[in-house]
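Colleague: need coordinates for the below:
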Amino acid sequence: MPYQIEYFHPRVLEETESWPVDVIADYARLAELLAEHGPNLRLPHSRAFGDGLFELRPRGRSGIGRAFYCFVLDRRVVVVHAFIKKTQGTPDKELKVARKRVKELQHG
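Modeller: Coordinates of the predicted model:
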């Protein structure tokens, strides 16, 4: 049974849909893998950040996207934050937004 992928807020989906076409295509491929494999999806496609936070790592010739997600009950995945990377590392600001949203989901 596949995992269901949802979005924390419509703006998160809008952000992913605004990415360059080649990055969106890779994101769609990785989302299919995530739905199929759930928490067993690992590097280079997905990376754990601890405390229930993970990132999906789509890329294309025109850029690199990141979509933070977490798992919730009933085989659901919630994408809590998404952005296009412009630096080598993950910016603290982006990580803070994702961690805050995961806490909201976990603690109501």
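
Colleague: for the most centrally placed residue in the chain, identify the helix or strand it belongs to.
Modeller: In the chain, the residue lying closest to the centroid (CA atoms, centre = their mean) is Ala67, at 2.6 Å. Ala67 is part of strand 63-72, with elements assigned from DSSP states H and E.

Colleague: same check, this time on Leu13
Modeller: Element membership for Leu13, per DSSP H and E: helix 10-17.

Colleague: the residue nearest to the centre of the chain is in contact with Lys85, isn't it?
Modeller: No - judged on CB atoms under 8 Å, Ala67 makes no contact with Lys85 at a distance of 11.0 Å. (C-beta placed from N, C-alpha, C; glycine too.)

Colleague: overlap in contacts of these two?
Modeller: Residues touching both Ala67 and Lys85 by CB atoms under 8 Å, 6 or more residues apart in numbering: none at all.

Colleague: helices along this structure, start to end?
Modeller: Secondary structure of the chain (DSSP state H): helices at 10-17, 21-37, 92-107.

Colleague: flag the shaky bits of the chain, pLDDT-wise.
Modeller: Nowhere does the chain drop to pLDDT under 70.
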